[in-house]
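Visitor: quick one, structure for this:
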Amino acid sequence: MSTIDKKKFQFVERDDFASETIDAPAYSYWKSVMRQFFKKKSTVVMLGILIAIVLMSFIYPMFSKFDFNDVSKVNDFSLRYVHPNAQYWFGTDSNGKSLFDSVWFGARNSILIAVIATFLNVVIGLLVGAVWGISKTFDMIMMEIYNIISNIPALLVVIVLTYSLGAGFWNMIFAMTVTGWIGIAYTIRIQIMRYRDLEYNLASRTLGTPTLKIVTKNILPQLVSVIVTQTSQLLPSFISYEAFLSFFGLGLPITVPSLGRLISDYSQNVTTNAYLFWIPLTVLILVSLSFFIVGQNLADASDPRTHR
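Guide: Numbers count the residues shown, from 1 in each chain. The predicted structure follows:
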């Protein structure tokens, strides 16, 4: 019987600790989110557009001495209806006012209304939805309220309230917030009911973990994608609401610029001096579209199931 030539083998010592080491890269949730988020080309393009619009809307008015209600140049015919050029990038209107200034002052108000209204609706919806998904008594009451409110068109509620309260910045935000949170709360309620009875949550409850801690530590992190999705849908919706209401004179006062107000004021210029109408409309479309696409891509990236 032939013997084994040990010179042909390399013997190594056994390391019990090394055998227990998991040879896999460390997983970071937020790094994975960012990696998935920036993987899409649409994210980079729309995020660039969104950042440019937001910076122009909030930084430029801080240094500009523009007065939206100034009509001192109305009798200077050389400044009326000046088409876009190197001096007036977006041109001027019938009063000699710079459309470039009007657009960015108006965009600031439109974005502010949408952001504040969205923030309030998401916070209220998240808090109400968290309790709604846990308390059976509260669930019975809220289901009746939801069945009533959900059958009333949200835009109709906003129109009636803004008409009743009158034009105003905070009046419009209040009108958007009265019932806007109900859909978010219902979505959160469904998600919490889906996760609350999973094994690890039942184990936490059995071990005496407080309900609030279970919600904040175990359940809410699973809802990041849902919350971002709801936010990405609300932001462009509220921008559109403002434009719609201001177009019909129900939104902000006529002395306060907004994208909706500009589109309304220059709607008669669709055919003649069309730049006055199309430039504010283009900015409105770009800001709404960029908010939606960036938000949706972030929502998709926030879903752990998309991580590799």
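Visitor: dump the residue contacts of the nearest residue to Ile173 once chain neighbours are set aside.
Guide: Closest residue to Ile173 apart from its sequence neighbours, by Cβ to Cβ, 6 or more residues apart in numbering: Ala117 at 5.0 Å. (Glycine included, C-beta is placed from N, CA and C.) Each residue near Ala117 by Cβ atoms under 8 Å, 6 or more residues apart in numbering is listed here: 172-173, 176-177, 180, 234, 238.
Visitor: Ile184 too?
Guide: 121-122, 124-126, 129, 230, 234.
Visitor: longest helix anywhere in this protein?
Guide: Of all the elements of type helix in the chain, the one with the most residues (DSSP state H) is helix 99-132.
Visitor: so what does whatever helix or strand comes next after it touch, helix or strand wise?
Guide: Counting by DSSP states H and E, the next helix or strand C-terminal to helix 99-132 is helix 136-149. Helices and strands touching helix 136-149, by 3 or more Cβ pairs under 8 Å, 6 or more residues apart in numbering; DSSP states H and E, are helix 99-132, helix 182-195.
Visitor: go through helix 136-149 and flag the buried ones.
Guide: By 16 or more other Cβ atoms under 10 Å, the buried positions in helix 136-149 come out as 142, 146, 149.
Visitor: what distance do you get for the last one to Phe100?
Guide: So that's Ile149. To Phe100, Ile149 is 42 Å away according to Cβ to Cβ, to the nearest Å.
Visitor: who's in contact with the nearest residue to Phe248 once chain neighbours are set aside?
Guide: In this structure, Phe248 finds its nearest non-sequential neighbour in Ser264, 7.5 Å apart by Cβ to Cβ, 6+ apart. Ser264 makes contact with 246-249, according to Cβ under 8 Å, 6+ apart.
Visitor: can you redo those residues as TSV with neighbour count, secondary structure and pLDDT?
Guide: Below are the contacts of Ser264 laid out as TSV (neighbours: other Cβ atoms under 10 Å; DSSP: H, G, I helix; E, B strand; the rest coil; pLDDT from 0 to 100):
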residue	neighbour count	secondary structure	pLDDT
Ser246	30	helix	85
Phe247	18	helix	83
Phe248	12	coil	82
Gly249	14	coil	80
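Visitor: turn those residues into a markdown table, including distance to Tyr81.
Guide: Below are the contacts of Ser264 laid out as a markdown table (distance: Cβ to Cβ, whole Å):
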| residue | distance to Tyr81 |
| --- | --- |
| Ser246 | 23 |
| Phe247 | 22 |
| Phe248 | 26 |
| Gly249 | 24 |
